[in-house]
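Engineer: this is a predicted model, with the sequence first.
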Amino acid sequence: MPKRILIGTVTSDKTDKTVTVLVERKVKHPLYGKIIRRSKKYHAHDEKNEFTLGDVVRIEETKPISKTKTWQVIDRVTAGGTQAVEADLEVEAAGN
């Protein structure tokens, strides 16, 4: 049987050799027909601790590594992380 491959966003990298990946899918509501988003979090094995918060990664189903880990990170699709925002710190003197 082929291994399942999913694409998701890393939401946590705090644990050693493990990342939490949020996978979203879109499904059609059975009665109303509206497209709704369903999401699920998976614990995936990250041997070298190389993936960080915000990365979009591909995960592959494997044999159980621990009680909650049955997925392994294959590669990074796009790099994420927190983005620096430039702040305009010039303050005009009031009273002129």
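Structural biologist: Good, I have the coordinates.

Engineer: next, the distance between the ends of stretch 61-78.
Structural biologist: In stretch 61-78, first residue to last residue: 20 Å (CA to CA, to the nearest Å).

Engineer: and it, how far out from the chain middle?
Structural biologist: Relative to its chain's centre, stretch 61-78 lies at 13 Å (CA atoms, centre = their mean, to the nearest Å).

Engineer: what is the mean pLDDT for it?
Structural biologist: Averaged across stretch 61-78, the pLDDT comes to 94.

Engineer: and if you look at stretch 2-17?
Structural biologist: For stretch 2-17, mean pLDDT rounds to 94.

Engineer: in contact with Pro64, which residues?
Structural biologist: Thr70 (CB atoms under 8 Å, 6 or more residues apart in numbering). Heads up, the C-betas are built off the backbone N, CA and C, glycines and all.

Engineer: roughly how far does it sit from His43?
Structural biologist: Distance, Pro64 to His43, using CB to CB, to the nearest Å: 11 Å.

Engineer: hmm, Asp55 and Ala79 touching each other?
Structural biologist: Yes: here Ala79 reaches Asp55: they are 5.8 Å apart, a contact under CB atoms under 8 Å.
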